[in-house]
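[1] Structure here, sequence nowhere to be found:
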């Protein structure tokens, strides 16, 4: 009746203080939030205004909240890993045994990529992209809500392992077979990994369809592709990658799940299975994935540097072609993740050269950003501090990336701590700095008030310095022959001092995180003082700054034609003073069906993990029923009356 | 005044870091930069070359990233301001052209070196090739010397200046066979046989390890790679042949039981086709008795906990 769940040996019986702490934090946190909502009597508000909302700005905020909570969990994981390695390289036992350590870094990688970076990305895209292209909504509002709920289901599954089952995959974040096969990983940990990633991945694919279509079909009249803001271009590149690569992830995970659940042999070592096939498939998705994350960060920086230099973005056309080139090239480089698997020299050389070619368009982008500042009026706001930090760290990471792309050099550096330092260099110095800069930049547009400037600058500096202190020693350790994923190193190797320095760096980054939380709380408490009443706090250039902060539910009261690349910047030069006549606007009604599908997707995943066939089958039937119900629901729009729009618009006094 | 003090403080800080780093690193083995084998030497040179070539772009970028925001700061009123200047074909040609040229050079070097340093390619040398077969197990390394008829665990001895041909497989999850000071790594996969060619040119004991996660005892899969001169090597082989017990099917089954932190062991080999049988059993599990695949109900970790 309850599948493997009846086997109580599988249920969490461990009394590990680390796991106990996580359980208390998780369950306690949920209860505390529920209590606060109940005391404030906010359940109805939460249901109608947020959970069932199809407004991309609401969905975006929900993405951001979940991603930040996961960032905190991922950061705690990072802290544990670094502490364990620091102790373990000095001859101590540490507090994590090998298996637990492996689970923690698997969780850290999975959380940071799928649930933090992807969450922040889709949050920012939801909040800003429709505004920037002058649209009132996304192409498929319901699909957008479903994507969010599937993402949240992924988050739910990856955290459930802390309470039910007591173990996560101990295989590394991409779970290579045969280690991730049932033979070597018999517990439920890998299944938790598969299903959390699988369901969140389907959500990402749906988001990709949605935003790809939104950009191509819903741009404001007059906004040709070559007038589109670079952020929108970068999202277009990123979503193209999502469309082509997430199906590969879905299939690879499905086959691995079949191996594990039904004893099939796609990727086993014996009986005709081929683990190398999985490694190819997972990286054919995995490499484009890092470009899916970094491209929007490039777009964000392009917007920021132009705005805060009070100057047009230099080399717009180059920037567009660079994005297109990177989008294309990122498909044909996946093999550089396993030069050491023994492919021939021709194959390795091809993929190595394809990889280093990506440095060319990326380098061009860096020069264009630099020359956007050249002969501009640069204002060193907090977003710009992130940007300057990015220029240094990202260039450093690009250099080590080219070194790694040379196959014979990679034979020495593959899977070493040098590699670990390199990709953290790209993900922290590129993706995280980019999204932080973007969140700071667009925060007033999202919430109606700015973030405190001084605290933000201090946080950015802590991150930049902390990053360097934390990861330069890791580069060194790689050159010394240090390999990733070791929970201990022989003290005679002399790694300990460098790990101590790296640990200090992590503490500095930790200070940065504390400063950010302080900044957020301070800014919320002082939101009157920091309020943005103009809708255009930075003297912006693109359409999102032409509406109030936060934007009204319908985004734009009027849909004036676009004539320029920096449309709003040009409009500000010659303000139009014509009298406005508003029309009624139709916007989508809220719907709880996305959430219901999410709930049953969660049950389905849990049922498969624990081999409870009837719940799995029932969930599929119910999900199908919800899909049919939604398809047959014709009452999906509501109208905002012109008079109401007039009231909203005049209270803000915008144009 | 204040800015000069600040610059001075930063300079002192950097100097201190440099001194401490130098003092620390001069006492350490920087394995990749202090190679003891031909292949590792060439791989190190590639790392150096790529770094230097990349610095041609990186240094100007660092300089501009530092200088532009200072020079064109909104507070420096005498700086020129051209708000609509957004394109210059000549400049853009430079920064498309220079990276293309640099990557072009690195690409040519890559094509050549990837072929030259292909780990499957035998090394041309005056001496006869030394064959060693390597099996990654849970969680130790088995070394078979088919020509000398000996078997070792977690200790591989190679003669100096003799090209060594490693054949590598796995009877465990995928591992990566790596002796950083002698050469780059290659994966060890079950049912498959990869190759790695090495030429050690300096005697000594070097660190060997697995560079790919393979389960509970992964970080204990370290072994000693020892390079000795030809005579000591022959003595060592003879000693093992005379004084050690036989290694056959039973010994192999015994060794297959997952275990960690194994101290080196030495045997004389009783069946010459051991390696090929280990590879073959994954491709046709029914063919060979005695080395049958056993689907295990739990992993080592759970075993350890039961005890």
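    Now that the structure is in, tell me what you want to look at. Fair warning: this is a prediction, and the values are worked out from it, not measured in the lab.

[2] Could you pick out the longest helix of the chain?
    Defaulting to chain A. Within chain A, and with DSSP state H defining each element, the longest helix by residue count is helix A:275-309.

[3] hm, I was asking about chain B
    Secondary structure of chain B read by DSSP H shows that its longest helix is helix B:38-71.

[4] is any part of that one close to chain A?
    Yes - judged by Cβ under 8 Å from any Cβ of the partner chain, helix B:38-71 comes into contact with chain A through B:40, B:42-44, B:46-47, B:50-51, B:54-55, B:57-58, B:61-62, B:64-65, B:68-69. All C-beta spots, glycine's among them, are computed from the backbone N, C-alpha and C.

[5] So which residues of chain B form strands?
    Listed in chain order, the strands of chain B (DSSP state E) span B:130-137, B:140-145, B:150-153, B:155-159, B:163-170, B:175-179, B:183-188, B:194-199, B:204-210, B:223-228, B:246-247, B:265-269.

[6] quick one: contacts of the shortest one?
    What that stands for is strand B:246-247. Counting contacts by Cβ atoms under 8 Å, 6 or more residues apart in numbering or on different chains, the residues outside strand B:246-247 that touch it are B:151, B:267-270, B:274.

[7] Check the third one too.
    For strand B:150-153, contacts defined as Cβ under 8 Å, 6+ apart pick out B:140-145, B:237, B:240-241, B:244, B:247, B:255, B:262, B:264-269, B:274.

[8] quick check, distance from that strand to the centre of its chain.
    Once both centres are worked out by Cα atoms, centre = their mean, to the nearest Å, strand B:150-153 turns out to sit 22 Å from its chain's centre.

[9] Pairing partners for that strand, with directions?
    Note on strand B:150-153: by DSSP bridges, its sheet partners are strand B:140-145 (antiparallel), strand B:265-269 (antiparallel).

[10] model confidence over that strand, on average?
    Averaging pLDDT along strand B:150-153 gives 96.

[11] follow-up on the earlier one: for ChimeraX, write a command that selects the buried ones of the contacts of strand B:150-153.
    Buried members of the contacts of strand B:150-153 can be picked out in ChimeraX with the line below, counting by 16 or more other Cβ atoms under 10 Å in any protein chain shown:
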select /B:140,141,142,143,144,145,237,240,241,244,247,255,262,264,265,266,267,268,269,274
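
[12] Spatially nearest residue to the residue of chain A found nearest chain B, not counting backbone neighbours?
    In chain A, the residue that lies nearest chain B is residue A:411 (2.3 Å; Cβ to the nearest Cβ). Across the structure, with Cβ to Cβ, 6 or more residues apart in numbering or on different chains as the measure, the residue nearest residue A:411 apart from its sequence neighbours is residue B:184 (2.3 Å).

[13] Then residue A:629?
    Leaving aside its sequence neighbours, residue A:629 is closest to residue A:593 (6.7 Å, by Cβ to Cβ, 6+ apart).

[14] list the contacts for residue A:615?
    A:603-604, A:606-607.

[15] Kindly indicate which of those residues lies nearest residue A:204.
    Minimum separation from residue A:204 among the contacts of residue A:615 (Cβ to Cβ) is found for residue A:604, which lies at 17.9 Å.

[16] Go through stretch A:339-355 and flag the buried ones.
    By neighbour count with 16+ other Cβ under 10 Å, stretch A:339-355 contains the buried residues A:339-343, A:345, A:348-355.

[17] With distance to residue A:510 as new columns, can the residues you listed be given to me in a markdown table?
    Written out in a markdown table, the entries for those read as follows (distance: Cβ to Cβ, whole Å):
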| residue | distance to residue A:510 |
| --- | --- |
| A:339 | 35 |
| A:340 | 34 |
| A:341 | 37 |
| A:342 | 41 |
| A:343 | 41 |
| A:345 | 45 |
| A:348 | 40 |
| A:349 | 42 |
| A:350 | 42 |
| A:351 | 37 |
| A:352 | 37 |
| A:353 | 40 |
| A:354 | 38 |
| A:355 | 33 |
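
[18] can you tell me which of those residues are in helices?
    Going by DSSP H, the helices hold A:345, A:348-355 from the buried residues of stretch A:339-355.

[19] Pipe these into JSON lines and attach pLDDT and distance to residue B:220 per row.
    Written out in JSON lines, the entries for those read as follows (pLDDT from 0 to 100; distance: Cβ to Cβ, whole Å):
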{"residue": "A:345", "pLDDT": "95", "distance to residue B:220": "33"}
{"residue": "A:348", "pLDDT": "97", "distance to residue B:220": "30"}
{"residue": "A:349", "pLDDT": "97", "distance to residue B:220": "35"}
{"residue": "A:350", "pLDDT": "97", "distance to residue B:220": "37"}
{"residue": "A:351", "pLDDT": "97", "distance to residue B:220": "33"}
{"residue": "A:352", "pLDDT": "97", "distance to residue B:220": "32"}
{"residue": "A:353", "pLDDT": "97", "distance to residue B:220": "38"}
{"residue": "A:354", "pLDDT": "97", "distance to residue B:220": "37"}
{"residue": "A:355", "pLDDT": "96", "distance to residue B:220": "33"}
